[in-house]
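A.B. asks: the sequence and its predicted three-dimensional model are supplied below.
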Amino acid sequence: MSTSTYSVGAKRRLWIGRSRQLVSGLISLALTLFGLLIFTFILSRAAPVDPVLQLVGDHASQATYDQARHELGLDQPLPMQFLHYLGRLSHGDLGVSQLTQQPVINDLMRTFPATIELATCAMIFGALFGILLAAMAVFKPGSWMDHLARFISLLGYSVPVFWLGLLGLLLFYATLHWSAGPGRLDDIYTYTMTQHSGFVLLDALRSGDPAILKNAIAHLWLPVAVLALLSMASITRLLRAVMLEESNKEYVILAQAKGASRLRIILVHIFPNVLGTLITILALSYASLLEGAVLTETVFAWPGLGRYLTSALFASDISAVLGATLLIGTCFILLNAFADALTKWVDPRTR
Amino acid sequence: MKKLLATSLLLCLSSFSVLAATPPNALVVAQSLDDVTSLDPAQGFELTSVQTFTNVYQRLVQSNPKKPTELEPTLAVSWVSTPKSLTITLRKGAEFASGNPVRPEDVAFSLARVVKLNLAPSFILTQLGWNKDNVDSHIQKVADNKVKITWDVNVGPSFVLSLLSAPVSSIVDEKTVMAHAKNGDFGHAWLNDHSAGSGPFQIRQYTPHEALVLTANKTSPGGAPKLGMILMKNVPDAATRQLLIEQGDADIARNLGADQFQSLKDKPGVKTLALPYASLYYILFNTKAKNNPDLANPAFWKAAHWAFDYKGIAVDLMRGQFQVQQSFLPQGFKGALKDQPYHYDPEKAKAILKKAGIKNPHFKLIVSNQPPYLDVAQALQASFARAGIKVELIPGVSSQVSSEVNTHHFEATVSAWGPDYFDPNTNASAFAYNPENGSKTLAWRANWQIPELSKMTLAARAETNEAKRTQMYETLQRKVRENSPIVVGLQNKKLVAIRSDLKGYVQGIMPDMVYYKNVSK
């Protein structure tokens, strides 16, 4: 009897504890997003750029200028502008982009899948090869494998990505014809295939036409390879450092003394101990790919979020900038929260 | 319909894929589409938008593609003019793509909605004294095929005709547009990404920052186009555009840089075109700049005219992208001066400065960080340095540069001016006009007080005798060239590459003069 009461109480406490955690997590999420909004809003207004001028051009008459300024609500005091923005936001309205004259939410729904597709594919390959390369490097520090891993990661780290993209296009598209050109699909398919999800690979699969799928992959692989190299470089560098640090710890020396093989030490002893760090590295790397591989998207004419945000920034298209920043911020925060939870799950020390 | 289109396109492609990489019945154009804000003629004022209007809409009168200074009737067949009115007879049997006939009501609706919506290009028509209250009374149907256009301001009918030939005067189909009107917007939101015109093409699909697809309008009053489809792809990077045309994955690559242009020159299967364009590059001094009183000194302006390395930039640095032009009307405009009285002479510039007692001449030059502005500015920095003038370069995002210029927070800037309609007044009213009514003309941006020149500009606009009018513009150009804080130095060329099997492509000197109708391959 007393045992069962204890257990119910403990469960309840646990439950309350968990929901408190959840609530405080949600509150901190909301606060972070709010902070992000204020910060972006202030930055966008403090920029020495006149959004009205951007919209109407510098040939327009004063009457047109005044009308556009009024319509954008820029003739109101700054706090009022922010309040109006928040009011609309609470209805899920991110405003209308000045540049595309479309609701920002539609623009984001159009551009984000292109970026997710690119980033996810790049992440998968980047992580796979990055982990492999780091493991090879620590297998025998100072060996040729280590040097190779360091060289490749240094290359990926230091070569400008737009240059790599252009060079890739020149070699694989223009000379060898191994890759299709810029864009997500050949023109013939772009305007004939019905796009359901915005993810070209999925839509191509759904269309049931193998030629479209082949074409989509032919377009996708090169930008994916360029971005994968970039994320692989950072994953290898960070992971190698963490694993090397771990190899000097006593439990590794003990395992060595007991005669465990190097492979066993890396896989069974070191790897589980760096898993938490690895998750954080991967999450950050994925988030940075999502926030927009701006240059890669420009070189490959990839209509993703990064390009959308950049052209919006250049045009001081404030609704679009705020909307895209909010989306990226949310992704960042959610990915971080997810990585934290995952780390806690795999690594009991962090609980 | 979509499936049918897909199958036919696929069939075409599979049978031709060895010969050409682009579909045979479609023209693929690689260009930047990032400039488009709207495809409604009442708002669109950017390069891509106005080029689209030429192919999707028609105007009452339009420039002859082969001889741009001549206006030819398009939706009009003839007109009768008095000093303050034009009575225009419409083309018989002309139809919009929707099948609706082109009526005088459509003309009145199209022009009046521009004035009432009051968006960026509306100033072109409001120059006639039209406003939202009086515009309806100025454009009236007088018979089933006749419309009468009147104005109160002091301008002649030939000037009004040139305004009616501007992209903003495109005639839209009232019935179709009003069927999509919302909250009294005259169908503006719908027209942002749809078309309702009578031009050789119509908008099939527009995805901002991605693509603009036009399909043929076979019933267009001027005749059906030769190709079935135009596909404009957004390729923001010029080097990528070069690759696409080289590979045959695009038929036209627009707005190339001097580097891309040079390397495409000898490539097989590609033809390069350096097309004269009406945009002028100038350096402009703010004569009331804080902390730099020298910029108000006419001797300083004069020295700047001699310190500008015209040929060095046009011929050596920007190989083929520019030609020298020193007066405010670009070559190709009626009345443009052809002589170039200045050349690069740093010693002469030094002497002028010394005589005027200007010591330590210097200025801060704000400029857009985009090519070719920054290249031109850097070249000017070097050429001014040899004349003893120290230039501090401040590159910035173009939106920031124009904001600073429009609030007079600058000392000098390098920029470009493109005409808004095909009449000398468009540039005269920028370079030689500074009324005290809030118009932010170029002269206003330079804080240049010119009551005499402003009066002359208005008089030239009002002049109805063509020969006399041209003469007045020549005088104005000379006066500005002689003594002004705006040094005009270069005229731009558009660098375009096309596949060599392409026939019938025509592009004129105005931004909107891109004609796809007769293109075939």
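C.D. replies: Yep, it's here.

A.B. asks: show me what from the stretch 201-350 of chain A comes close to chain B.
C.D. replies: A:298-301, A:303, A:307-308, A:311, A:314-316 (C-beta under 8 Å from any C-beta of the partner chain). The way it works is simple: take the backbone N, C-alpha and C, and place the C-beta from them, glycine included.

A.B. asks: try it again at 7 Å.
C.D. replies: A:298-299, A:301, A:303, A:307-308, A:311, A:314-316 (C-beta under 7 Å from any C-beta of the partner chain).

A.B. asks: strands - which of these land there?
C.D. replies: If you go by DSSP state E, those have nothing in strands.

A.B. asks: make a PyMOL selection of whichever of these turn out to be buried.
C.D. replies: The PyMOL command for the buried members of these (criterion: 16 or more other C-beta atoms under 10 Å in any protein chain shown) is given here:
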select buried, chain A and resi 298+299+301+303+307+308+311+314+315+316
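
A.B. asks: would you list the residues of the stretch 201-350 of chain A next to chain B in TSV and tack on pLDDT?
C.D. replies: What follows is these, written out as TSV (pLDDT from 0 to 100):
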residue	pLDDT
A:Thr298	85
A:Val299	87
A:Ala301	86
A:Pro303	88
A:Arg307	86
A:Tyr308	89
A:Ser311	84
A:Phe314	78
A:Ala315	77
A:Ser316	76
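
A.B. asks: which ones among the residues of the stretch 201-350 of chain A next to chain B are found in helices?
C.D. replies: A:298-299, A:307-308, A:311, A:314 (DSSP state H).

A.B. asks: between the residues of the stretch 201-350 of chain A next to chain B, which sits nearest B:Lys334?
C.D. replies: Closest approach between these and B:Lys334, by C-beta to C-beta: A:Ala315, at 34.6 Å.

A.B. asks: circling back: the ones in helices among the residues of the stretch 201-350 of chain A next to chain B: which two are farthest apart?
C.D. replies: Across those (C-beta to C-beta), the longest gap, 16.8 Å, separates A:Val299 and A:Phe314.

A.B. asks: so what does the nearest residue to B:Ser49 once chain neighbours are set aside have for phi and psi?
C.D. replies: Excluding the flanking residues, the one nearest B:Ser49 by C-beta to C-beta, 6 or more residues apart in numbering or on different chains is B:Val36, at 5.4 Å. When read as degrees, to the nearest 10, the backbone of B:Val36 gives phi -70, psi 120.

A.B. asks: list the contacts for B:Val36?
C.D. replies: B:46, B:48-49, B:208 (C-beta atoms under 7 Å, 6 or more residues apart in numbering or on different chains).

A.B. asks: which of the residues you listed fall within helices?
C.D. replies: Per DSSP H, the contacts of B:Val36 map to helices at B:48-49.

A.B. asks: want to throw the contacts of B:Val36 into JSON lines with neighbour count and pLDDT?
C.D. replies: Output for these, formatted as JSON lines (neighbours: other C-beta atoms under 10 Å in any protein chain shown; pLDDT from 0 to 100):
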{"residue": "B:Glu46", "neighbour count": "18", "pLDDT": "89"}
{"residue": "B:Thr48", "neighbour count": "23", "pLDDT": "93"}
{"residue": "B:Ser49", "neighbour count": "23", "pLDDT": "94"}
{"residue": "B:Pro208", "neighbour count": "26", "pLDDT": "86"}
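
A.B. asks: tell me the one among the contacts of B:Val36 nearest to B:Ile389.
C.D. replies: Nearest to B:Ile389 among the contacts of B:Val36, with distances taken as C-beta to C-beta, is B:Glu46, at 34.7 Å.

A.B. asks: B:Phe308 contacts B:Leu490, correct?
C.D. replies: No. With contact defined as C-beta atoms under 7 Å, B:Phe308 does not reach B:Leu490; the gap is 8.9 Å.

A.B. asks: the more surrounded of these two?
C.D. replies: B:Phe308 (28 against 24; other C-beta atoms under 10 Å in any protein chain shown).

A.B. asks: around residue 216, how many other residues sit close by?
C.D. replies: Reading this off chain A. By other C-beta under 10 Å, neighbour count at A:Ala216 equals 25.

A.B. asks: look at chain B instead
C.D. replies: So B:Ala216, with other C-beta under 10 Å, has 21 neighbours.

A.B. asks: now do the contacts for it.
C.D. replies: B:200-201, B:224-225, B:227-228.

A.B. asks: hang on, A:Val161 packs against A:Thr298?
C.D. replies: No. Using C-beta under 7 Å, A:Val161 makes no contact with A:Thr298, being 10.2 Å away.

A.B. asks: now the terminal residues of stretch B:38-49, how far apart.
C.D. replies: When the termini of stretch B:38-49 are compared using C-alpha to C-alpha, to the nearest Å, they are 7 Å apart.

A.B. asks: now do it: everything it contacts.
C.D. replies: Taking C-beta under 7 Å, 6+ apart as the rule, stretch B:38-49 contacts A:57, A:101, B:31, B:33, B:35-37, B:50, B:52-53, B:57, B:113-114, B:117, B:119-121, B:167-168, B:170, B:172, B:188, B:191-193, B:195, B:203, B:206, B:511.

A.B. asks: go through those residues and flag which are in strands.
C.D. replies: B:31, B:203, B:206.

A.B. asks: between those, which is nearest B:Gly248?
C.D. replies: Nearest to B:Gly248 among the ones in strands among the contacts of stretch B:38-49, with distances taken as C-beta to C-beta, is B:Gln31, at 16.6 Å.

A.B. asks: domains of chain B?
C.D. replies: B:33-199+B:502-515, B:276-494 (automatic domain parsing).

A.B. asks: looking at these, which is nearest to B:Asn217?
C.D. replies: Closest among the domains of chain B, using C-beta to C-beta: domain B:33-199+B:502-515, at 4.3 Å.

A.B. asks: run the chain-centre distance for that closest one.
C.D. replies: 16 Å (C-alpha atoms, centre = their mean, to the nearest Å).

A.B. asks: cool, and stretch A:199-217?
C.D. replies: The answer for stretch A:199-217 is 24 Å, by C-alpha atoms, centre = their mean.

A.B. asks: ends of it, how far apart?
C.D. replies: First residue to last in stretch A:199-217 (C-alpha to C-alpha) measures 12 Å.

A.B. asks: just the buried residues of it, please?
C.D. replies: Buried, per 16+ other C-beta under 10 Å, within stretch A:199-217: A:199-201, A:203-204, A:206-207, A:209, A:212-213, A:215-217.

A.B. asks: contact partners for the closest residue in space to B:Ile486 that isn't next to it in sequence?
C.D. replies: Spatial nearest neighbour of B:Ile486, excluding adjacent residues (C-beta to C-beta, 6+ apart): B:Leu284 at 4.9 Å. By C-beta under 7 Å, 6+ apart, the residues touching B:Leu284 are B:412-413, B:415, B:442, B:445-446, B:485-486.

A.B. asks: surely B:Leu284 is in a helix?
C.D. replies: No. Judged by DSSP: H, G, I helix; E, B strand; the rest coil, B:Leu284 forms no part of a helix; its state is strand.

A.B. asks: distance-wise, check it relative to chain A.
C.D. replies: According to C-beta to the nearest C-beta, to the nearest Å, B:Leu284 and chain A sit 12 Å apart.
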